[in-house]
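In: Next come a sequence and a model predicted from it.
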Amino acid sequence: MLAPTASMKDRIAMYNDNALKIGLFGVNCSSGRTATKVPERWSASWPDCLALARMADQAGLDFMLPIARWKGYGGETDFHGRTLETITWAVGLLGATKRITVFGTVHAPLFHPLIAAKEFVTADHIGEGRAGVNIVVGWNEGEFEMFGVKQREHDMRYDYAQEWIDVVMQAWTRDGTFDYEGRFFELKGARAYPKPYGDTRPLLMNAGASSAGQAFALRNCDAFFVATGGTRTSLAGSATIVSDTKAAARKLGRDIEIFTVGQVICLPTQKEAEYYYRHVNIENADWGAIDGMLKNRNITPQTIPSEEYDAKRRYFASNAIGGYPFVGTPDRIAEELEILSRAGVRGIGLSFVNYLNEVPYFCDEVLPRLARAGVRAKH
Ligand SMILES: Cc1cc2nc3c(=O)[nH]c(=O)nc-3n(C[C@H](O)[C@H](O)[C@H](O)COP(=O)(O)O)c2cc1C
C-alpha cells in the first residue's frame with residue numbers, strides 16, 4: 001500500500017499497484033443489482049454494509065460505488081425500495097475502513113453544490129483522501145417528481161451539471177471569498193474551508209451514456225464508467241471503447257480511466273454457477289421490477305412491439321440490469337477479468353446476489369489468480 005499522501009496520482013491509483021481495480025457496486029440498495037425474488041437476495045441493511053466494507057477492505061478490494069436511488073422500482077420485492085443515502089453511507093464506511101476508496105453518488109439537481117462540496121470534504125477528511133464522487137444528473141422521472149423538481153431537457157441537465165461541478169471545484173480550490181455568476185447559479189461571497197484532504201480533491205466519476213454525458217465526463221472526470229455489453233467477445237471489444245475514449249480526452253488535454261460494471265456468480269463448477277445464475281436471474285426474476293425499470297425509460301408493451309419488449313425484458317434480467325454477467329468457476333472469471341484488463345479497462349464495479357455470502361469466495365479464489373496473471377498486485 002502506498003502512503004496516503006492523497007496526491008491526485010495516488011488517489012487515481014486508489015493507493016495501490018493493482019492494474020485492474022475491483023470494487024463493489026450497488027451495495028447500498030436492497031437487492032443490489034439483481035432484480036430477483038430469491039430469499040437470500042441482498043438486504044442493504046447497515047450492519048450488512050458495514051461487515052461487507054470491512055471484509056472488502058481487509059481483502060484488498062479497491063472501491064465501493066453506491067447507487068443514488070430515492071424510491072423503488074416496484075415488483076414483488078419493490079426492487080431498490082430500501083436504499084441508504086450514499087454520502088452519509090460513504091462517511092460511515094470511510095470511518096470504519098483503512099484502505100478502500102468509497103464513492104458517494106450525488107444527483108446534481110437535488111443537492112446544492114456548496115453543500116455537496118462540503119459534505120464530500122468532510123467524507124474525504126474522515127477517509128484521509130479516500131472519498132470519491134459519482135455525479136449523476138438523474139433519469140427517473142418519478143424520482144424527481146417526489147422532490148417537486150422538474151427535470152430539465154436532457155442535454156441541459158449536463159449544462160447544469162457543468163456549472164454545478166465548477167462551483168464544487170471553486171469551493172475545493174479557491175482561497176478566501178468568491179462570487180460565482182452563471183446561468184444556473186449566482187453565488188455571492190461564497191467561502192468553503194477546509195479544502196479536501198491533502199489539498200487535492202476527491203476522485204470524480206460519471207457514467208453518462210449519451211454524447212452529452214460522455215462529453216461531461218471527458219471534460220471533468222478521472223473515471224468514466226461504460227457498459228461492456230452482454231457477450232464474452234464484447235469484453236475484448238472494450239479495447240476500442242477504451243482507446244477511443246482516452247484519445248477523445250487527450251484531445252482536451254485530459255487523462256481519463258475507463259471502468260465498467262458486472263455481476264459475479266462464482267462457484268466451484270461451471271454447472272453449479274450456470275444453474276444458480278438461471279435460478280436467480282431468470283427463474284426467480286422479479287419481472288414486475290424489471291417492467292418498472294423499463295417503464296421509467298418509457299419502454300412498455302404499448303410503446304414498442306411485444307416481441308421486442310419481451311427481448312428487452314430478458315436482456316435486462318440476464319445482464320443484471322446492465323452489466324456483463326461473469327458466471328462460472330474461479331478460473332473462468334479470472335480469465336474474463338484478465339481479458340478486460342488487457343483491453344485497457346482500468347477497473348470494474350461488481351455486484352453479487354448476496355455480497356456477504358459470496359465476496360469471500362471471490363476474494364480467496366479469483367484475486368490470487370488475477371495476481372498470478374499480473375493484473376493485480378499480490379495481497
Ligand atoms: C456505473 C453506473 C452508475 C450509475 N449510478 C447512477 C446512480 O447512482 N443514480 C442515477 O440516477 N443514475 C446512475 N447511473 C445512470 C447514469 O448516470 C446515466 O444517467 C445513464 O447512464 C444515462 O446516461 P445519460 O445521462 O448520458 O443519458 C449510473 C450508470 C452507471 C453505468
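Out: Received it, and whenever you're ready, just let me know what you need.

In: interface residues of the chain facing the ligand?
Out: With C-beta under 6 Å from any ligand atom as the criterion, the chain comes near the ligand at residues 67-68, 105, 134, 136-139, 207-210, 213, 225, 261, 349. (Glycine included, C-beta is placed from N, CA and C.)

In: Out of those residues, grab the one that's most surrounded.
Out: Neighbour counts for these were taken using other C-beta atoms under 10 Å; the highest belongs to Gly349, with 28 neighbours.

In: what residue ranges in this structure are flagged as low confidence?
Out: Counting by pLDDT under 70, the chain contains low-confidence residues at 1-4, 141, 229-230.

In: Now do the longest helix belonging to it: which elements does it pack against?
Out: Longest among the helix segments of the chain by residue count, using DSSP state H, is helix 154-173. Contacts defined by 3 or more C-beta pairs under 8 Å, 6 or more residues apart in numbering; DSSP states H and E place helix 154-173 against helix 113-126, strand 131-136, strand 178-181, strand 186-190, helix 211-220.

In: Now with 10 Å, please.
Out: Contacts of helix 154-173 with other secondary structure elements, assessed using 3 or more C-beta pairs under 10 Å, 6 or more residues apart in numbering; DSSP states H and E, are made with strand 101-107, helix 113-126, strand 131-136, strand 178-181, strand 186-190, strand 203-206, helix 211-220.

In: and the first one, which residues are buried?
Out: Within strand 101-107, the residues that qualify as buried by neighbour count (16 or more other C-beta atoms under 10 Å) are 101-107.

In: Can you check what angle separates the longest helix of the chain from helix 113-126?
Out: What separates the directions of helix 154-173 and helix 113-126 is an angle of 50 degrees, with axes from the mean of the first three to the mean of the last three C-alpha atoms, to 10 degrees.

In: quick check: angle from helix 154-173 to strand 131-136?
Out: In this structure, helix 154-173 runs at an angle of 160 degrees to strand 131-136, with the same axes, to 10 degrees as the basis.

In: circling back: can I get the buried residues of strand 101-107 in TSV with distance to Gly60?
Out: Output for the buried residues of strand 101-107, formatted as TSV (distance: C-beta to C-beta, whole Å):
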residue	distance to Gly60
Thr101	12
Val102	15
Phe103	18
Gly104	22
Thr105	23
Val106	27
His107	31
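
In: so which of those comes closest to the ligand?
Out: When the buried residues of strand 101-107 are compared for distance to the ligand, the smallest value, 3.9 Å, is given by Thr105; criterion: C-beta to the nearest ligand atom.

In: For the closest one, list each beta-bridge partner.
Out: Asn134 (DSSP bridges).

In: Might one say that it is in contact with Phe120?
Out: No - using C-beta atoms under 10 Å, Thr105 and Phe120 do not qualify as a contacting pair, with a distance of 11.2 Å.

In: any residues in contact with both of the two?
Out: The overlap between the contact sets of Thr105 and Phe120 (C-beta atoms under 10 Å, 6 or more residues apart in numbering) consists of 87, 90, 132-133.
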